[in-house]
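Colleague: Quick one: sequence and predicted model below, then my questions.
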Amino acid sequence: MTVWTKLLTNPVVLDVETTTSNKGNPFDLTNKLILIQIHVCKTGETCVFTDYTDPKIISLLKDASVLVGANLKFDLNWIRKNTGYICTTPVWCVQLAEFMLSHQRWTYPDLDTMAVKYEVGHKIDTIKLNYWDKGIDTDQIPIQELIEYGIEDCKLTRAVFEKQVEKFQAQYSGMFLLFRLHCNDLLVLQEMEYNGLPYDEYNSLKTVDEYEKRVANIDNELNKLFDSDVQLNYGSNDDISIALYGGTKKIETRICVGQTKTGANIGRDRFRILKSTVDFPQLVKPLKGSELKKDGFYSTDSATLLALTPTKKVKTIITLLLERSKCLKVIGTYLKGLPKLREKMNWPPGMLYPSYNQCVASTGRLASARPNAQNQTYESKIFFISR
């Protein structure tokens, strides 16, 4: 029996409808599964389930020769969460297939555009226009309308699948085994997404104080090195450009000139703005080509600063500026950022659920997002809890 014979014996299409918080994220505690649709290609029947304890769901999925879906990891995460079903069946994600057939040029192919491309139909857009676009969530949509929408999605997914089968059997036959390998990877990635990553939020946030103190100390050291009575904003490209490459800093000072004697603001302080300027000498020559659109200002990003030819004093300044930037990124992106992301995504306390994406990088490599689990810094890695 060939691989094709095995796969095409009993293809089954899986699709789910869910509420839409954070794009229907399966691990958002505010989201709910509304419908499960299972289309059996051999019989043409689409079964719709609202009772997730129905044993027919598992039976249909297990009997499939290949489980077909669009963005299939999403559906499998929802199915596992609500039925306990762990997929061991071969899978076929039409989104992943189309990404590969486009030679990684079409990122995140959507079902509607795929259906139009293959001239097999069009999604029912009334659900989006009449409900989702108006802020009406899926659990508030009349169930019969939602069922019709889900059944149509299954039929379109099947039609796209059949067109892709034709392509892989003909001009793209040399790509087929690689596609099957990526489909096997999909099941591994779905398992990784479902398990999530435990994260020690308490100690992550507690560590923020240490980094904020270090930033304050760096600011004091920089103030001494620049030897100026004017307080510079070391988070401002303009201020750093002026301080390093020379220029004039404009200063506005609010001076209290008395109190308001009449009207609604009676008794409140009145202020006058005093404008002045301070000239800074050039400490280092800017790189050729580092000019910004704003006249007289130059780039101060990390790569530019590292490429300068500084004196000993300027080298110390650059080292401090880079350390300051790193500390702020660790604070904002990781130590505070990860707990903040967890709250925004409505995930359980102490858990992060990164997405692992196969349909985004033009090189075909794996990508990760929300958060990027592939590129965590040492300062955050120590707070990920190993099982």
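Modeller: Looks like it arrived, so ask away. Numbers count the residues shown, from 1 in each chain.

Colleague: can we go C-alpha only for contacts and neighbour counts from here?
Modeller: Noted.

Colleague: quick one: average pLDDT of stretch 178-188?
Modeller: pLDDT averaged over stretch 178-188 equals 97, rounded to a whole number.

Colleague: Could you give me the buried positions within that stretch?
Modeller: Residues of stretch 178-188 classed as buried: 179, 180, 182, 183, 184, 186, 187 (neighbour count, 16 or more other C-alpha atoms under 10 Å).

Colleague: what residues are up against residue 247?
Modeller: Counting by C-alpha atoms under 8 Å, 6 or more residues apart in numbering, residue 247 touches 241, 279, 280, 281, 282, 296.

Colleague: now the farthest one out in this protein, which residue is it?
Modeller: residue 261 (54.0 Å; C-alpha atoms, centre = their mean).

Colleague: Which residues are in contact with that one?
Modeller: Shown in contact with residue 261 (C-alpha under 8 Å, 6+ apart): residue 267.

Colleague: and the longest helix seen in the chain, what other elements does it pack with?
Modeller: As assigned by DSSP state H, the longest helix anywhere in the chain is helix 143-169. Judged by 3 or more C-alpha pairs under 8 Å, 6 or more residues apart in numbering; DSSP states H and E, the packing partners of helix 143-169 are strand 11-18, strand 33-40, strand 45-49, strand 66-69, helix 94-101, helix 111-117, helix 126-130.

Colleague: contacts for the first one?
Modeller: Okay, so that is strand 11-18. Residues lying outside strand 11-18 but in contact with it, judged by C-alpha under 8 Å, 6+ apart, are 24, 31-42, 60-61, 64-70, 72, 75, 78, 138-139, 150, 153-154, 157-158.

Colleague: what do you get for the shortest one?
Modeller: The contact list for strand 66-69, computed with C-alpha under 8 Å, 6+ apart, reads 7-8, 10-15, 61, 75, 89-94, 157-158, 161.

Colleague: Could you pull up the mean pLDDT of it?
Modeller: Per-residue confidence for strand 66-69 averages out to 98 on the pLDDT scale.

Colleague: got it, and the last one?
Modeller: For helix 126-130, mean pLDDT rounds to 93.

Colleague: Could you list every helix and strand that it packs against?
Modeller: With contacts taken as 3+ C-alpha pairs under 8 Å, 6+ apart, helix 126-130 sits against helix 143-169.

Colleague: The helix it packs on versus strand 33-40: what angle between them?
Modeller: Going by axes from the mean of the first three to the mean of the last three C-alpha atoms, to 10 degrees, helix 143-169 is angled at 50 degrees with respect to strand 33-40.

Colleague: hey, C-alpha coordinates of the helix or strand following helix 143-169 in PDB?
Modeller: Past helix 143-169, heading to the C-terminal end, the next element that is a helix or strand (DSSP states H and E) is helix 176-195. These are the backbone C-alpha positions of helix 176-195, laid out as PDB (Å, rounded to 0.1, in the frame of the first residue of the first chain):
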ATOM      1  CA  PHE A 176       5.700  15.900  -0.900                       C
ATOM      2  CA  LEU A 177       7.900  14.000   1.500                       C
ATOM      3  CA  LEU A 178       9.200  17.300   3.000                       C
ATOM      4  CA  PHE A 179       5.600  18.400   3.500                       C
ATOM      5  CA  ARG A 180       4.800  15.200   5.300                       C
ATOM      6  CA  LEU A 181       7.800  15.700   7.500                       C
ATOM      7  CA  HIS A 182       6.500  19.200   8.400                       C
ATOM      8  CA  CYS A 183       3.100  17.700   9.200                       C
ATOM      9  CA  ASN A 184       4.800  15.300  11.600                       C
ATOM     10  CA  ASP A 185       6.500  18.300  13.100                       C
ATOM     11  CA  LEU A 186       3.100  20.000  13.500                       C
ATOM     12  CA  LEU A 187       2.000  17.400  15.900                       C
ATOM     13  CA  VAL A 188       5.200  17.900  18.000                       C
ATOM     14  CA  LEU A 189       4.600  21.600  18.000                       C
ATOM     15  CA  GLN A 190       1.000  21.200  19.000                       C
ATOM     16  CA  GLU A 191       2.100  19.200  22.000                       C
ATOM     17  CA  MET A 192       4.600  21.900  22.900                       C
ATOM     18  CA  GLU A 193       2.000  24.600  22.700                       C
ATOM     19  CA  TYR A 194      -0.500  22.600  24.700                       C
ATOM     20  CA  ASN A 195       1.900  21.900  27.500                       C
END
